[in-house]
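Novice: got a predicted structure plus its sequence, pasted below:
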There are 4 protein chains.
Amino acid sequence: MTDTRIPVAILGATGAVGQTFIRCLRAHPWFRIAELGASERSVGKRYAEAAHWLEGDLDPDVAAIVVAPCDPTRVTSPVIFCGLDAATASEVEPAFARAGRFVFSNAKTFRMDADVPLMIPEVNADHMALIARQRRERGWSGAIVTNANCSSTTAAVAMAPLHERFGIKTAFAATLQAVSGAGYPGVASLDILGNIIPYIGEEEPKIEREIQKMLGKVSGEAIAPAAFVVSAHANRVPVEHGHTVCLSLGFEDAPTPEQAIKVLAEWRGAPAVRGLPFAPEPPIRVRSEPDRPQPRRDVMEGRGMTTVVGRVRADTVLDLRLVAMSHNTIRGAAGGSILNAELMVSTGEIPRRPS
Amino acid sequence: MTDTRIPVAILGATGAVGQTFIRCLRAHPWFRIAELGASERSVGKRYAEAAHWLEGDLDPDVAAIVVAPCDPTRVTSPVIFCGLDAATASEVEPAFARAGRFVFSNAKTFRMDADVPLMIPEVNADHMALIARQRRERGWSGAIVTNANCSSTTAAVAMAPLHERFGIKTAFAATLQAVSGAGYPGVASLDILGNIIPYIGEEEPKIEREIQKMLGKVSGEAIAPAAFVVSAHANRVPVEHGHTVCLSLGFEDAPTPEQAIKVLAEWRGAPAVRGLPFAPEPPIRVRSEPDRPQPRRDVMEGRGMTTVVGRVRADTVLDLRLVAMSHNTIRGAAGGSILNAELMVSTGEIPRRPS
Amino acid sequence: MTDTRIPVAILGATGAVGQTFIRCLRAHPWFRIAELGASERSVGKRYAEAAHWLEGDLDPDVAAIVVAPCDPTRVTSPVIFCGLDAATASEVEPAFARAGRFVFSNAKTFRMDADVPLMIPEVNADHMALIARQRRERGWSGAIVTNANCSSTTAAVAMAPLHERFGIKTAFAATLQAVSGAGYPGVASLDILGNIIPYIGEEEPKIEREIQKMLGKVSGEAIAPAAFVVSAHANRVPVEHGHTVCLSLGFEDAPTPEQAIKVLAEWRGAPAVRGLPFAPEPPIRVRSEPDRPQPRRDVMEGRGMTTVVGRVRADTVLDLRLVAMSHNTIRGAAGGSILNAELMVSTGEIPRRPS
Amino acid sequence: MTDTRIPVAILGATGAVGQTFIRCLRAHPWFRIAELGASERSVGKRYAEAAHWLEGDLDPDVAAIVVAPCDPTRVTSPVIFCGLDAATASEVEPAFARAGRFVFSNAKTFRMDADVPLMIPEVNADHMALIARQRRERGWSGAIVTNANCSSTTAAVAMAPLHERFGIKTAFAATLQAVSGAGYPGVASLDILGNIIPYIGEEEPKIEREIQKMLGKVSGEAIAPAAFVVSAHANRVPVEHGHTVCLSLGFEDAPTPEQAIKVLAEWRGAPAVRGLPFAPEPPIRVRSEPDRPQPRRDVMEGRGMTTVVGRVRADTVLDLRLVAMSHNTIRGAAGGSILNAELMVSTGEIPRRPS
């Protein structure tokens, strides 16, 4: 029996996000891991030797793949999942897009470009409209679609239904971010054991801008960023996976906590996304216990794709307070990219293979 | 040679705060641990047998003290340091005050009473003015002086010089609080290892109200609470000691970050406090590294009495953002009570012993 | 459609082991949770209110069960899974056995009794022979079958195939035990964050005796304990789940590391156990990486029922060294009890229900 | 007033051991930090810019030192404290010794050489006798004196008095080692949070051999290694500082636990060491609580130079079991080197400066 799934390549395959792509794509119904790309020192090795595998068992088929260089003449899959850092991504991703590939990026490089979608499909599936402009303006036959920073994603999903319905004007976001957000080896244990670090380089401005773009409105082939202002405080905490965000929100038309809970719990996101293999159902779970969400206990909700929200209550300064948490390397990185790619397959943007 | 130091009793001596009192009072120049009080099941035992000692070495003199009941007829010291929980404190503390003792409380019970000072001496030494009223109205020959909740204290010290000079109007406070704030055994390891808990029971309203009172102005024998509004998000993190608070602040007369840093770094607090044995010099240390303060690395600054401030920067929504951190069981509990007592000795409120 | 599964009760249902029983029995093909028993203060409450639920989602059917007292006149299921502590178990378990129930105990109380099986089915399924004697001597129509201490179980599974084939004479066992082994709330976070505790009360003698009994030979209706001697060092470490045991072993007929690896990897355990719903296949997984097993990464191997072994190498003093790790509340407690019960169902000792 | 202290250089000054040297030498009565050496990328920078400072405050005098290359023509101090890794040490340390310097090494490179002392002064001050041979055979005017691996040191100090008095024949050592033993950044937090790693590269053979050499007897200018055999199991645990070693010991002339405790508690080590600035008094502290030593609570005993021993009890296989713990970067590295240097100053091997 022929495997008619779409062959995909993972670039930056040995890193933490790359490994998460490999775990998430195990037995994916539409995509098949065909190629793995990484930096010079891994090229030519079998993946099992090149990577320090961090979690779970490595599929023997994947273990045996010989690592290729991140070069579109050597990696031929039509769909490219990217876990490269910003420096490398700024060279490699355009090269693949130019060569006709659909590149799903996790780097910051292109996120804020006016013709590049910064997508969370449930929230802004219509931002795909930028792709036509991107191709036309850049003369590319492929395209780059980006994912937000992992903590921006956690906040943006929780804010989306409330913004849609009540109009957010102001947001305070204090994050407690897991160490896996810094990649591997990432945060040294001597820095974080029994400690917290109230700073993550460049994180706060990213959160402040990316949420505005993600919750912005498409008009023609442009995005008008959401008009609210965000103030972020980013903290690193000794947690393996799961970014927690404490939010205080001010609205045009302030909801009661009960109204907010109802809107959050009933929200299903863009219709185009429902039923996609990686789409969590529902996208947001609202918990009623006073002390949830908690990263260690809730991070795998919806196989790591659900955003868990709790402590929805009145604020003393703005209107509403709540806590949101989601998996930073699944929902906030690899799983998010896969859902973006699924959306583009389902809309026909990425062609299925003849069966 | 006679020991002319003032004899003090520690109530709740076996608990986490009680133990911190014992550690902090080792070799204190003015106070001598004369008595230890605790609950029924400890009474009559030597302290070394009654307590599960948590940190450092226990002084043999203290180890040998036989634990007394928390009863003013059985505990006779004029100065009473209290680490009792709210339920017990609400009975025991008034009994001691009625019996002429100066009670330094760490419970929430009396903090918000109009005639009870909620003191951080550097910030509000003049709140001592409430004591005369307290005695008169309650008919007590002693008095109760309270300490704030530990996370309120961290925020209040950092806010005090800025409020004094620029007038705070609004504050967002997201806390990352150490497990020792919950006492012993307190937080179960199964709840907090590799996890954070975005909730601490009753903590947020305490923070919101106590800071207003502490930064309030005395007028006659009453406190007018500070007019600003505080919104708090309280989180528990897997840190041993040290509460970190992320603050966003709005002002009447907004300072630049540089102006704020100068005011914080130069602040010395109420003159009456300078030179007291437990007064940190200076009360606030401003660090310039981008990633400080950190609890594990900075918590013992000024022997646990200094509030360490960092990341003073502009805010996108309000005017200023910063991070403050201090030791929750020293500055925020036992050490704070001791400094309160020292102030009252230095002002003659508590009589020194004839030498 | 009628549910023909055997109704079971869980006693000590609110505790850590009780909760693990509930999680493990979700969708079990042979057993159905019919009743939950706990102490006085939970009796009469719905389970969801009585328990502080620690991990994953609680099944709504179970959440709604009203907690019963641990009394055989009030709890009527034929199969009783017990997570009670030793003090309570010593009263309750015999009462249920006398009343004709099959009691699967996790307490130390009866483990070393000459007529009570201490079972790991793959290792000593034939120890079931004690049950006839137990019933006869005690005049019970039911029976008590016990599980070993969780760290004894980890070591015993790893030692069993080697003892069977090469004859162990001497064993050193240094354990690194997870906090969940102490139940909930169990180990205080102030005791274990960034720390290790080189002591667990009564643990070392249990390990030393229980392994001898479990690896002992049945002769008639008695167990001759294995003749080897064990020396144990028990340590608590800040790990959620998974006990790790460093073993040095001396043999009658010393294997090379390669021979030992082959025997461990090929071992399938008692034939009677194969194919039972909770039987891991294989019971032992041997890993070849130099730095495995690791509890956080390997603890869920075989849904928490597999013992993971690594670092099999020559010893400088005895013959062989290795590291074994397994899940202390699944393999070492609830899951182990369930497998014991499954074995007794499959052998007809526990009657299936008429369908 | 002239500073007549001996100028010293620290090589590998930016690393974890180098930083510990800087902290330990603050206000040392005999040594003054005159120079700091590090690798190319730090050379020419002020130390404060070159180093990521990990713990406590950096002395402004030290912060201002311009980092030099690790070259004896550029670093001129007579005493060289070395925190270099083995690869660099194997080139650099002989170059300094050849140039007449006293090099105190923490690398494994020369430890096992027949003419190089592997010293813990309390244990084997007489091993200094190797230095004359080293100079003669190598034609050096300086010398290399080495420190043991940090976990070897913990075990060796605890074993020394027992070996001296009762003759150790066999030892099992299972270690639980802190992350600071791996330097900085060292162990990735993703590897060790909520986890243990039952493996440390090359550690076990080092422990097995180094203890034999350290507890060996000098005869003329050679060391006869102690005749006992050691079996080591090395584990990494999520602890900041402090290596814990579980020991089972067999003796020529087995002591009772009481006899062993008495010998350990009364031991004062080599007379030549007493009263040296870094000599802990006493070298070993025996604790009687059942659950001590614990690294977080006991690691700073004797300013990090004391070895804390507890749980001295009979063994079931050999004769005696105990737990030993000491500070791996102070006692086991920087502090140990400083004590070695102090010994050589006090014996006149290193000349004092004319005052």
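Specialist: Nice, thanks for sending it over.
Novice: which pLDDT value goes with the residue in the stretch 151-300 of chain A that chain B sits nearest to?
Specialist: With distances taken as Cβ to the nearest Cβ, the stretch 151-300 of chain A approaches chain B most closely at residue A:174, which sits 3.4 Å away. (Each C-beta comes from the backbone N, C-alpha and C, glycine too.) In this model, residue A:174 is scored at 98, pLDDT.
Novice: who's in contact with it?
Specialist: Under the criterion of Cβ atoms under 8 Å, 6 or more residues apart in numbering or on different chains, the contact partners of residue A:174 comprise A:232, A:233, A:235, A:245, A:246, B:172, B:174, B:233, B:246.
Novice: do residue A:284 as well
Specialist: Residues touching residue A:284, when contacts are defined by Cβ under 8 Å, 6+ apart, comprise A:157, A:158, A:161, A:264, A:265, A:267, A:306, A:307, A:308, A:309.
Novice: possible to save these as TSV with pLDDT and neighbour count?
Specialist: Supplementary listing: these in TSV, determined by pLDDT from 0 to 100; neighbours: other Cβ atoms under 10 Å in any protein chain shown:
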residue	pLDDT	neighbour count
A:157	98	29
A:158	98	28
A:161	98	23
A:264	98	26
A:265	98	16
A:267	98	20
A:306	98	24
A:307	98	31
A:308	98	26
A:309	98	28
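Novice: ok so, going back, nearest to chain D among the contacts of residue A:174?
Specialist: Distance from chain D was checked for each of the contacts of residue A:174 by Cβ to the nearest Cβ. The minimum falls on residue A:235, at 14.5 Å.
Novice: just give me the neighbour total for the closest one.
Specialist: The burial count assigned to residue A:235 is 25, neighbours taken as other Cβ atoms under 10 Å in any protein chain shown.
Novice: for the one 5 residues further on, same thing?
Specialist: Applying other Cβ under 10 Å, we find 21 other residues in the vicinity of residue A:240.
Novice: please report phi then psi for it.
Specialist: The phi/psi pair for residue A:240 (degrees, to the nearest 10) reads phi -70, psi -60.
Novice: can I take it that residue A:62 is in a helix?
Specialist: Yes: assessed with DSSP: H, G, I helix; E, B strand; the rest coil, residue A:62 lies in a helix.
Novice: right, and it touches residue A:34 too?
Specialist: No: with contacts counted by Cβ atoms under 8 Å, residue A:62 stays clear of residue A:34, the gap being 10.3 Å.
Novice: strands of the stretch 201-350 of chain A, residue ranges please.
Specialist: Read by DSSP state E, counting those that start in this stretch, the stretch 201-350 of chain A holds these strands, from start to end of the chain: A:217-219, A:222-224, A:229-236, A:243-251, A:284-286, A:307-314, A:320-326.
Novice: so where's the stretch 1-150 of chain A uncertain?
Specialist: In the predicted model of the stretch 1-150 of chain A, residues A:1 satisfy pLDDT under 70.
Novice: and the residue of it nearest chain B?
Specialist: residue A:55 (13.8 Å).
Novice: how many residues are close by the closest residue to residue A:322 other than its chain neighbours?
Specialist: The spatially closest residue to residue A:322, leaving aside those adjacent along the chain, is residue A:312, at 4.5 Å (Cβ to Cβ, 6 or more residues apart in numbering or on different chains). Counted with other Cβ under 10 Å, the neighbours of residue A:312 add up to 26.
Novice: quick one: residue A:312 and residue A:264 touch, right?
Specialist: Yes: A contact is recorded between residue A:312 and residue A:264 when judged using Cβ under 8 Å, the distance being 7.2 Å.
Novice: give me every residue in chain A lying close to chain D.
Specialist: A:16, A:54, A:179-180, A:184-194, A:238-240 (Cβ under 8 Å from any Cβ of the partner chain).
Novice: at 10 Å what do you get?
Specialist: Applying Cβ under 10 Å from any Cβ of the partner chain, we find that chain A lies next to chain D at A:16, A:52, A:54-55, A:178-180, A:182-195, A:236, A:238-241, A:296.
Novice: please pick the buried ones from those.
Specialist: Taking 16 or more other Cβ atoms under 10 Å in any protein chain shown as the criterion, what is buried in the residues of chain A next to chain D is A:16, A:54-55, A:178-180, A:182-195, A:236, A:238-241, A:296.
Novice: of the contacts of residue A:284, which are in range of chain B?
Specialist: Here nothing survives when the contacts of residue A:284 are matched to chain B using Cβ under 10 Å from any Cβ.
Novice: right, I'll leave it there.
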